Each structure stands twice: as C-alpha cells, then as structure tokens.
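[1] how would this look folded up:
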Amino acid sequence: MTCNIPTMLTWLRILLIPVFVGVFYLPADLRSLASFPAHWVNVTATVIFAIAAFTDWLDGYLARKLNQTSAFGAFLDPVADKLMVAAALIVLVEFERVGAIIALIIIGREIAISALREWMAGEGHSSSVGVAMIGKIKTAVQMIAILFLLYWDSFSFANMGIVHTKVIGQILIAIAAFLTLLSMAYYLKAALPKIKAK
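    Numbers count the residues shown, from 1 in each chain. I've put the predicted structure just below:
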C-alpha cells in the first residue's frame with residue numbers, strides 16, 4: 001500500500017467522517033457538562049466537514065505537485081469523497097434538513113456512476129467516463145450546500161442583513177440534485193456506445 005502525503009490526507013478525510021457525525025450524537029448530559037449548546041454542535045460539524053472537504057482538493061493538488069500519484073490513491077480518493085457525502089446526507093436526513101428523495105438521488109448516482117466507471121475501466125474505456133466539468137460543478141454546489149445545511153443557523157454578514165443558511169442550503173442541495181441527474185445522464189450517454197456494443 002502506497003503511503004505518501006496525499007494518501008495520508010485522504011485517510012485523514014475518512015477518519016474525520018465519524019468525528020463530524022459523532023458530534024451530532026453527543027449525549028445531552030455530556031453537552032451540558034462541556035457547555036456545548038446546539039449552535040456549537042452545528043458550528044463544530046460544519047468546521048470538521050469543511051476541513052475534510054479542503055483535504056479533498058489538497059490531496060489532489062499535492063499528488064500532482066509532488067508527483068506522488070498512485071493507483072491506490074486514485075482508488076481511495078473517490079471512495080473517501082463518497083463516504084463523506086453519504087455520511088453527511090444521512091445525518092441531514094435524520095435531522096430533517098434534507099429530504100430523503102434528494103439524498104437518494106445523490107447517493108444513488110454516486111453508486112451507479114462508480115459501478116459504471118469500474119465496468120468501463122475493465123473494458124479499457126475508462127477515459128470515456130472521466131470526470132467532466134458538469135461533475136465538478138455538481139460536486140462544488142453539493143459541498144457548499146452541505147456546509148450550509150450542517151450550519152443550519154442564520155447569521156449577519158456585512159450589508160446583507162440576516163443570511164438564512166437553511167434556506168440557501170436547501171435551494172443549493174435541490175440544484176445539486178438536479179445537476180446530479182444531468183451529470184449521470186451525461187456519463188450514461190458517453191458510455192452508451194460501449195454498452196450497446198455488448
């Protein structure tokens with residue numbers, strides 16, 4: 001197993017998943033003992049998720065910059081991303097911040113496209129379903145939406161007045177779900193000639 005800085009950052013992202021999920025499930029008596037009100041549960045989870053999301057960009061950047069790319073890193077990185085997003089969405093569904101249908105669309109798409117890429121790679125056509133711009137846009141919108149939904153509180157910002165993060169988050173996650181369907185259609189269309197050939 002390759003062990004380098006990018007891979008270690010990917011492992012860190014995986015290890016942060018139970019940490020940010022666990023923050024939401026601290027026992028009430030432990031929260032009161034630590035003076036940890038509900039607002040700070042949201043803030044802490046948001047910060048941890050933001051750090052994890054940043055490592056997603058950083059490990060890819062360092063892998064290219066330090067020439068430390070590896071087959072194992074290429075496998076582990078998307079697994080970490082999908083685990084992180086799925087864990088966040090499951091928590092958000094449980095706390096009624098995201099609809100189950102939206103979570104199902106996003107998680108289902110990740111499973112379906114991962115399986116498609118695996119099959120295409122086995123057929124020697126992995127480049128046909130490489131990451132496209134629409135996929136990158138979907139991921140960016142999705143990550144920002146999750147951050148807003150984890151925070152879930154309003155705040156004042158400069159001359160904008162009160163910013164309602166729950167409303168912004170729910171609008172963005174709906175947009176992310178729509179982009180999820182579009183990107184899935186894009187990848188399926190790209191793979192269709194190879195599928196028909198079978």
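[2] for this structure, where's the lowest mean pLDDT among helices and strands?
    Every helix and strand in the chain was compared by mean pLDDT, DSSP states H and E; the lowest is helix 28-33, with a mean of 59.
[3] low-confidence regions, the chain specifically.
    1-2, 28-37, 123, 125-130, 155-161, 163, 198 (pLDDT under 70).
[4] swap the cut-off to 90 and go again
    Residue ranges of the chain with pLDDT under 90: 1-7, 20, 22-44, 56-79, 110, 112-136, 152-167, 183-198.
[5] who's in contact with Ala103?
    By CB atoms under 8 Å, 6 or more residues apart in numbering, the residues touching Ala103 are Leu89, Ile90, Leu92, Val93. Where you see a C-beta, it was placed from the backbone N, CA and C, and this is true even at glycine.
[6] report the separation between it and His39.
    Noted for Ala103: a distance of 24 Å to His39, by CB to CB, to the nearest Å.
[7] show the contacting residues for the spatially most central residue of the chain.
    Centroid-nearest residue in the chain, with CA atoms, centre = their mean: Val85, separated by 3.3 Å. By CB under 8 Å, 6+ apart, the contact list for Val85 reads Ile106, Ile107, Glu110, Gln142, Met143, Ile146.
[8] if we go to 10 Å?
    Ile17, Phe49, Ala53, Ala103, Ile106, Ile107, Glu110, Thr139, Gln142, Met143, Ile146, Ala176 (CB atoms under 10 Å, 6 or more residues apart in numbering).
[9] just the contacts of Ala103: which are in helices?
    Judged by DSSP state H, the contacts of Ala103 include Leu89, Ile90, Leu92, Val93 as members of helices.
[10] about what we covered before: now render the contacts of Ala103 as a markdown table, adding distance to Leu76 and neighbour count.
    What follows is those, written out as a markdown table (distance: CB to CB, whole Å; neighbours: other CB atoms under 10 Å):
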| residue | distance to Leu76 | neighbour count |
| --- | --- | --- |
| Leu89 | 20 | 24 |
| Ile90 | 21 | 15 |
| Leu92 | 24 | 22 |
| Val93 | 26 | 17 |
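[11] could you list the domains of the chain?
    1-95, 99-198 (automatic domain parsing).
[12] for the biggest helix by length in the chain, the distance to its chain's centre please.
    The residue-count maximum for a helix in the chain (DSSP H) belongs to helix 165-197. Chain-centre distance of helix 165-197: 14 Å, with CA atoms, centre = their mean, to the nearest Å.
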